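When you get a sec, could you give me coordinates for this:
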Amino acid sequence: MPPAVGVEATSVLQEGSPHRARRASLRVLNRNIGQVVFGDLLFDTWYYSPYPDNIILGPEHQHAPHKHTGTAADLRNASVHTLNGDQPQCRRLYVCTFCFRYTPVEHDFMQHLQHHRNRREQGLETQPVPESAFKVYEWEGHTVWEIDGEKEKLYCQNLSLFGKLFLEQKSVFFDTGGFKYYALTYTKPASNTPVTKGRGRKRSSSVLEDDIFHETQVLGFFSKENLSWDANNLACILIFPPFQHRQLGQLLMAVSYKLSGWEWEGGIIGGPEKPLSAMGRRSYLRFWSERIARFFMGQSADADGKRVFHKTRKRTVNPRKEEMTVKDIGNRTGMLPEDVVAALTEMGICKVIMPKRKRKVSNEINGLASHADQPEPEELATMIVERSQILQWAEKNGVDLTSPVREEGFLGEWALSDLEGSEVIEDSGDASSV
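Okay, the predicted model is just below:
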């Protein structure tokens, strides 16, 4: 067994990192844990999580009188859990990257890691998530695993508790039976040497730097209700702080839409559980906008494998237009109409055309004729979306029009979609009216 060393063996997120540059109110208020050691990374927490006090306070507090225990009411009331002034109850919590069990004692953490190593050597652990989990997506090292919250209650409870440290709005921690969890992992190629990409630094060799961490890592997750009355395709989503800003959230959102089965016969279109947090809304507006941009630019197909625009052999004097309603766009992208409108508004690429023709309506009241200008019933305001505007929007915002997920990466029943014959369409300056 490699010698156990102090926390110097971890990678500390550098000062100036976007994950340390949180407002003071978020760094201090309502937190009961100061920092977490996750594998070989050390970083600050953001919010309170209802970890049991009898564990996170450590052995020296086991018999302390008047010990306060965190409750759901504390979370609802945003109570501040501190021991000395503004210091969190637990200064540092060690969290296992394989099962998300936790301890404030470093020595116990090292012993726990050795337990996992022994199980791996005996062939009892063959994947970085519970053995009952199975793959639903795998592409270029990224894998999404489905985990049943009923079968793996302890794992999902621990995962939820860890996630709450970085989620402002989340309420499910212990009753996981009605949920599926989807964990995102990344397996580095065998030839690559682990790097931190400037987010931390490696120290002395130790058990923390063993390949047990670097072979595969859990980067984040999303959860989904087994039965949602609102047809929600996602309950909560989180990419862990050290792995954010790599488009991984976009990947998980795209997977959640695919797994909702909206494109199948009898499928139901839905979206994330609402209301969204401020950060969640920003992320989804970006995701929805990019999804619509890919759809209009012909970089993606709808449920029937049809493109919005079709290649033409000749350029016409007047660009060809296709008309569709907001609902049509939603049906062909799997998005709710209100989400389509929110994305189009955010993108600012719509030109509203008001109806021009009007007809005079004559009404006789007591023998007197009155006239009023009223639009034709079928004449409604029209929004024009031009492909050139979408390209400008994409360039301005640094958007890659390639989907964050590959259709070929879905496995099992989710690999049934057949998009053969689809092709990338050349820009022809077409416009679409909504």
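
Would you map the strands across the stretch 301-434 of the chain?
Counting by DSSP state E, counting those that start in this stretch, one finds strands in the stretch 301-434 of the chain at the ranges 321-323, 350-353, 358-365, 368-375, 382-386, 431-433.

likewise the stretch 151-300 of the chain?
179-187, 216-225, 232-234, 236-239, 271-272.

right, and the ones you listed - which one's nearest E265?
strand 232-234 (17.4 Å; Cβ to Cβ). C-betas here are computed from N, CA, C, even on glycine.

what does that closest one contact?
By Cβ atoms under 8 Å, 6 or more residues apart in numbering, the surrounding residues in contact with strand 232-234 are 222-225, 253, 256-257, 259-260, 262, 270-273.

Same list, those residues, but as JSON lines with distance to P50 please.
JSON lines is the format used below for those (distance: Cβ to Cβ, whole Å):
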{"residue": "F222", "distance to P50": "20"}
{"residue": "S223", "distance to P50": "17"}
{"residue": "K224", "distance to P50": "22"}
{"residue": "E225", "distance to P50": "20"}
{"residue": "M253", "distance to P50": "27"}
{"residue": "S256", "distance to P50": "25"}
{"residue": "Y257", "distance to P50": "31"}
{"residue": "L259", "distance to P50": "28"}
{"residue": "S260", "distance to P50": "29"}
{"residue": "W262", "distance to P50": "34"}
{"residue": "G270", "distance to P50": "28"}
{"residue": "G271", "distance to P50": "28"}
{"residue": "P272", "distance to P50": "23"}
{"residue": "E273", "distance to P50": "20"}
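
Check the residues you listed and tell me the two furthest apart.
S223 and W262 (18.5 Å).

Compare those two (neighbour count), which wins?
S223 (25 against 20; other Cβ atoms under 10 Å).

Listing request: residues of the stretch 1-150 of the chain with sub-threshold pLDDT.
Within the stretch 1-150 of the chain, the stretches with pLDDT under 70 are 1-29, 58-86.

rewinding a little: among the contacts of strand 232-234, which one sits closest to Y155?
Taking Cβ to Cβ as the measure, Y155 lies nearest S223 of those, at 12.3 Å.

hey, what's the closest one bridged with?
Beta-bridge pairing of S223 under DSSP bridges involves Y181, C236.

my guess is it meets G178, correct?
No - counting by Cβ atoms under 8 Å, S223 sits too far from G178 to count as a contact (10.0 Å).

hmm, back to that, closest to G163 out of the contacts of strand 232-234?
Using Cβ to Cβ, those come closest to G163 at S223, 8.5 Å.

For that closest one, which residues are in contact?
For S223, the contact set (Cβ under 8 Å, 6+ apart) comprises G149, S160, V172, F179, K180, Y181, Y182, L234, A235, C236, I237.

In JSON lines, list the residues you listed along with distance to I33 and neighbour count.
Listed next are the contacts of S223 as JSON lines, based on distance: Cβ to Cβ, whole Å; neighbours: other Cβ atoms under 10 Å:
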{"residue": "G149", "distance to I33": "23", "neighbour count": "23"}
{"residue": "S160", "distance to I33": "15", "neighbour count": "27"}
{"residue": "V172", "distance to I33": "19", "neighbour count": "18"}
{"residue": "F179", "distance to I33": "24", "neighbour count": "19"}
{"residue": "K180", "distance to I33": "27", "neighbour count": "19"}
{"residue": "Y181", "distance to I33": "21", "neighbour count": "25"}
{"residue": "Y182", "distance to I33": "25", "neighbour count": "22"}
{"residue": "L234", "distance to I33": "26", "neighbour count": "24"}
{"residue": "A235", "distance to I33": "23", "neighbour count": "20"}
{"residue": "C236", "distance to I33": "19", "neighbour count": "22"}
{"residue": "I237", "distance to I33": "21", "neighbour count": "23"}
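
Closest one of those to G409?
Y182 (13.7 Å).

mind listing what that closest one touches?
136, 144-147, 221-224, 252, 255-256, 259.

By neighbours, which of the residues you listed wins?
Of those, with other Cβ under 10 Å as the count, V144 tops at 27 neighbours.

what's the closest non-adjacent residue to it?
Leaving aside its sequence neighbours, V144 sits nearest to Y137 (Cβ to Cβ, 6 or more residues apart in numbering; 4.1 Å).

And for E131?
Once flanking residues are discounted, E131 sits nearest to E125: 7.5 Å by Cβ to Cβ, 6+ apart.

Provide the backbone phi and psi angles at the one you found.
Per-residue torsions, E125: phi -120, psi 120 (degrees, to the nearest 10).

Isn't it up against R117?
No - the criterion here is Cβ under 8 Å, and E125 misses it with R117 at 9.2 Å.
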